[in-house]
Each structure stands twice: as structure tokens, then as C-alpha cells.
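K.L.:
predicted model, plus sequence, below.
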Amino acid sequence: MFLGTHFPRLDDKGRLFLPAKFREELADGLVITKGQERCLYVFPTAEFARITEALRHTPVGAKNVRDYSRVFFASASDEVPDKQGRLTIPPALREYAGLTRDCAVIGANTRVEIWDAEAWQRYLAEQEPAFAALSDEVLPGVL
């Protein structure tokens, strides 16, 4: 499980330091791909395999499944962090997420998300007013 918010910087080679608390779970490999709201999703290899298997059982005849799968898999890149815990983000994914220097790396349960730091702050400002109301809709009977 990935938790918390961290603010690393991209270096000139498109690398960022993964938060120390995320490194062990991602050390053997990960998959990075486009996420919603112009962020990047980072999955441990095993979690990406689980998602791949689940999508394998969806109807190919459903256009929304085809569309999602095409973008999700075509933009995916398997990576291994270096010994210092740095992740190299491919140029096309950096461009998609608008990553230049300051980033926000957030834990999102089974995945990590990488955001441009300003975009993350804007997203939070937009979403926080509705956060309390959403608990009834998203987690009925849980919270």
C-alpha cells in the first residue's frame, strides 16, 4: 500500500528520486503509464500484471475497453529504479503529465501517482471541498 505525498524534483535527465518508503516495493521493477487528470500511474510489476489479467477478461467488443486499453498499454513503460532509487521517466510521459522540475509523488493505495507539483495543488484545491460529501458515495457503510 502506498501512502503520503512527497515533492521530489526531476533532474536534467528526466529522473526523480522515489520516496524512500516506496523504494523497496518498486525496486525490482515497475510499470509507468498515463493516468487520468494528466498524471502518471506507477505500478509495481505484480499489480500491473493483475490489472492486465483483469482487462484480458473484459469484452473486446466494448469500444470503451478498447479505447482505454490502447492508451493505457501503448503509453506503458517498464522500468527499474537505479541503485540510488531514481526513476527515469520517458520523455513522452513527462510531456503528457507536464513534468518540468517540481513534482508531487503521491501514494494512491496500490499505485503511485506522479504529478506536476502545481497541477497537484490545483487538483487538491478543486477536490477538497467535495471530499467529505464523496465518502457517502464512494465508501457507503465503510466510513
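P.N.:
Ah, there it is.

K.L.:
only C-alpha atoms for contact and neighbour calcs from this point on.
P.N.:
Will do.

K.L.:
distance-wise, check the residue nearest in space to the middle of the chain relative to residue 82.
P.N.:
With distances taken as C-alpha atoms, centre = their mean, the residue of the chain nearest its centroid is residue 41 (1.8 Å). As judged by C-alpha to C-alpha, to the nearest Å, residue 41 and residue 82 stand 19 Å apart.

K.L.:
hmm, back to that, tell me which element the residue nearest to the centre of the chain is part of?
P.N.:
strand 40-44 (DSSP states H and E).

K.L.:
so who does residue 44 touch?
P.N.:
When contacts are counted by C-alpha atoms under 8 Å, 6 or more residues apart in numbering, residue 44 touches 25, 26, 29, 30, 31, 111.

K.L.:
okay, and the beta partners of the residue lying closest to residue 3 once chain neighbours are set aside?
P.N.:
Distance criterion C-alpha to C-alpha, 6 or more residues apart in numbering; nearest residue to residue 3, sequence neighbours excluded, is residue 107 at 4.0 Å. Beta-bridge partners recorded for residue 107 (DSSP bridges): residue 112.
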